[in-house]
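*Asks:* Structural data only, the sequence is not supplied:
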């Protein structure tokens, strides 16, 4: 809520840089947080949203390329190194590709250019549902029914049609899970 497409692209560019910090941590053992603070993260996204289209596209492209190169160069043993996410979770570096995929795929839908959750791969949707349910807590979630794409969109806090709750009482849109 409250973000423009420019904010989303700036967020994805900043996220690539931030995840690159975790790759650096895994490679060197030097603790390198994704962001110095939540405020710094928000300010960076806001600054990025004010860039002209060419600068924003360049940042997005270059940060994604740098992250891909850093991940490709990460030695096998480094993928087992424990790093800390922006949410404070300690995870093995092997979770980093999933973290990036989740951001890119969900926000690709958020860009509202025609891509929907129904266009995302079934395996991704399944993993995303499991991830969201684990983070939200199964006990706190209503038992919902609908297509896998619609249920995933709903659980991700995005508008979804065709989702119903067993026994009724379905909240219209859920709050963010991350």
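*Replies:* Received, thanks. None of these values were measured; they are calculated from a predicted model. Numbering: from 1, shown residues only.
*Asks:* Does residue 10 touch residue 63 like I think?
*Replies:* No: with contact defined as Cβ atoms under 8 Å, residue 10 does not count as touching residue 63 (10.2 Å). In this view, the C-beta of every residue, glycine as well, is placed from N, C-alpha and C.
*Asks:* Looking at those two, which is more packed in?
*Replies:* residue 10 (23 against 19; other Cβ atoms under 10 Å).
*Asks:* Could you confirm that one falls within a strand?
*Replies:* No: checked against DSSP: H, G, I helix; E, B strand; the rest coil, residue 10 lies outside a strand; its state is helix.
*Asks:* Just give the nearest non-adjacent residue to it, would you?
*Replies:* Nearest residue to residue 10, sequence neighbours excluded (Cβ to Cβ, 6 or more residues apart in numbering): residue 48, at 2.7 Å.
*Asks:* Tell me the buried residues in the helix or strand harbouring the one you found?
*Replies:* For residue 48, the element it lies in under DSSP states H and E is helix 38-49. Buried residues in helix 38-49, counting neighbours by 16 or more other Cβ atoms under 10 Å, are found at 41, 44-45, 48-49.
*Asks:* Stretch 73-80 now?
*Replies:* Going by 16+ other Cβ under 10 Å, stretch 73-80 has these buried residues: 74, 78-79.
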